[in-house]
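S.K.: here's a sequence, model it:
(one chain, ligands or ions: 2)
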Amino acid sequence: MITLLTKLPVEAAEFIKRGGIVAFPTETVYGLGANVFDEKAVAKIFEAKRRPADNPLIAHVGSLEQIAALTSRITPSAQKFIEAFFPAPLTLVLPKSEKVPLIATANLETIGVRMPKNELAREFLRCCETPIVAPSANLSGKPSPTDWQAVFEDLNGRIDCILQGEATEIGLESTVVDCTADVPLILRTGAISLEDLQRVVPETEVYQVKKDEIVRSPGLKHRHYSPKARVILINRKSQIANRKSQAFIGLHKPPEKFDLVKICASAAEYAHEVFAFFRTCDRAGITTIYCETVAESGIGRALMDRLRRASESQE
Ligand code: TXA
Ligand code: MG
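M.R.: Ligands and ions are numbered 1, 2, ... in the order given. Predicted coordinates:
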């Protein structure tokens, strides 16, 4: 398959209309999209990404009107979140409509719904004239792509088209909130923080997987966000053995010498840079990446979640 690169949303949407799969930018990470109602096209996403079939996809809409076709019921908490935040880096899990094929939701009776804030994303979605299911546009298990070059690195020749936009603004995936029960549960942290959500629905909680319980969000159990290099979390007091091919990313300049160093001015900038830094390290043959921990509030909570997953998935 030849992958077409284009800057034109209309041209990219043509592939969707013909049953193809297209990578496109959003404000969080690049997504790999297909028409949610086209089972064959949705199957191609799983194949191209080598994604496990039990990991459900998020449906993206270009307008609020498109939500109705996806869900059988917009629950009261979801209604409040839609009014307060959409378009946003926020995914709401709702009961799915009968029209949505089970391949898109990995056999769940629920569907994640998100209206991205990124202008080019919404223009593309409007050109598609249908909601688009899209996981992050990386090979399964690799860091999510924050620019089109990262998509190209993983998926060139495996997908029909890449809509070339800017590098993504946020750099971490959307906040996922299960809105099917009375208490909204955050299944994945992101740029819309616990504090932001609690301002709208005070009962909102972060979901904690209890021992022996079946995980609510299948994606939570899969390997994630891992570069080839080993990831080690450190704080400012940590001692680091001085060996070759090591990298550092964090908020404060470390005293040790590293082959690659990225100092970020804020947790938001750190979140924005981290996945691209992981990919740069892999390309440079770095064997160990030291990541400085940050305070767990606002975007810091989502950043720490991703850093922990990157370090734990290798143990
Ligand atoms: O920011 C984002 O959300 C990006 C962009 C492209 O929108 N998409 C993304 O998709 O990160 P993906 O497939 O890489 O991650 C989706 C996460 C997974 O952890 C999945 O298990 C969870 O959302 N999820 C999707 N549908 C769900 C559902 N019905 N119930 C529970 N969890 C769900
Ligand atoms: Mg992903």
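
S.K.: quick one: the helices in the chain?
M.R.: 9-17, 39-49, 76-85, 119-128, 148-155, 194-200, 267-283, 299-312 (DSSP state H).

S.K.: just send those helices back as a markdown table, with mean neighbour count, distance to Val183 and mean pLDDT too.
M.R.: (Each C-beta comes from the backbone N, C-alpha and C, glycine too.) Supplementary listing: the helices of the chain in a markdown table, determined by neighbours: other CB atoms under 10 Å; distance: least, CB to CB, whole Å; pLDDT from 0 to 100:
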| stretch | mean neighbour count | distance to Val183 | mean pLDDT |
| --- | --- | --- | --- |
| helix 9-17 | 20 | 36 | 98 |
| helix 39-49 | 19 | 31 | 98 |
| helix 76-85 | 17 | 8 | 98 |
| helix 119-128 | 21 | 30 | 98 |
| helix 148-155 | 21 | 36 | 98 |
| helix 194-200 | 16 | 11 | 97 |
| helix 267-283 | 21 | 27 | 97 |
| helix 299-312 | 21 | 18 | 95 |
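
S.K.: would TSV of the ones you listed with distance to ligand 1 be doable?
M.R.: Output for the helices of the chain, formatted as TSV (distance: least, CB to the nearest ligand atom, whole Å):
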stretch	distance to ligand 1
helix 9-17	14
helix 39-49	9
helix 76-85	13
helix 119-128	8
helix 148-155	11
helix 194-200	15
helix 267-283	11
helix 299-312	11
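
S.K.: Pro184: which of the ones you listed is closest?
M.R.: Closest to Pro184 of the helices of the chain is helix 76-85 (CB to CB; 4.7 Å).

S.K.: and that closest one, what does it pack onto?
M.R.: With contacts taken as 3 or more CB pairs under 8 Å, 6 or more residues apart in numbering; DSSP states H and E, helix 76-85 sits against strand 90-95, helix 194-200.

S.K.: contacts for that helix?
M.R.: Here helix 76-85 makes contact (CB atoms under 8 Å, 6 or more residues apart in numbering) with 64, 67, 74, 90, 92, 94, 177, 179, 182, 184, 192, 196-197, 199-201, 204.

S.K.: quick one, which of the residues you listed are buried?
M.R.: 67, 74, 90, 92, 94, 177, 179, 184, 192, 196-197, 201, 204 (16 or more other CB atoms under 10 Å).

S.K.: any chance of a markdown table for the helices of the chain, columns distance to Ser136?
M.R.: As requested, the helices of the chain are exported to a markdown table (distance: least, CB to CB, whole Å):
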| stretch | distance to Ser136 |
| --- | --- |
| helix 9-17 | 17 |
| helix 39-49 | 8 |
| helix 76-85 | 20 |
| helix 119-128 | 13 |
| helix 148-155 | 9 |
| helix 194-200 | 22 |
| helix 267-283 | 9 |
| helix 299-312 | 12 |
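
S.K.: which bits of this structure sit near ligand 1?
M.R.: Counting by CB under 6 Å from any ligand atom, the chain comes close to ligand 1 at 26, 28-29, 31, 55-58, 91, 93, 105, 108, 110-112, 114, 134-136, 173-174, 176, 187-188, 217-220.

S.K.: can you flag the buried ones in those?
M.R.: For those, a neighbour count by 16+ other CB under 10 Å gives the buried set as 26, 28-29, 31, 55-58, 91, 93, 105, 108, 110-112, 114, 134-136, 173-174, 176, 187-188, 217-219.

S.K.: among these, which lie within strands?
M.R.: Judged by DSSP state E, those include Gly31, Ile58, Thr91, Val93, Thr110, Ile111, Gly112, Arg114, Val176, Leu187, Arg188 as members of strands.

S.K.: what's the most distant pair in those?
M.R.: Pairwise over these, using CB to CB, the maximum falls at Gly31 and Thr110, 19.2 Å.
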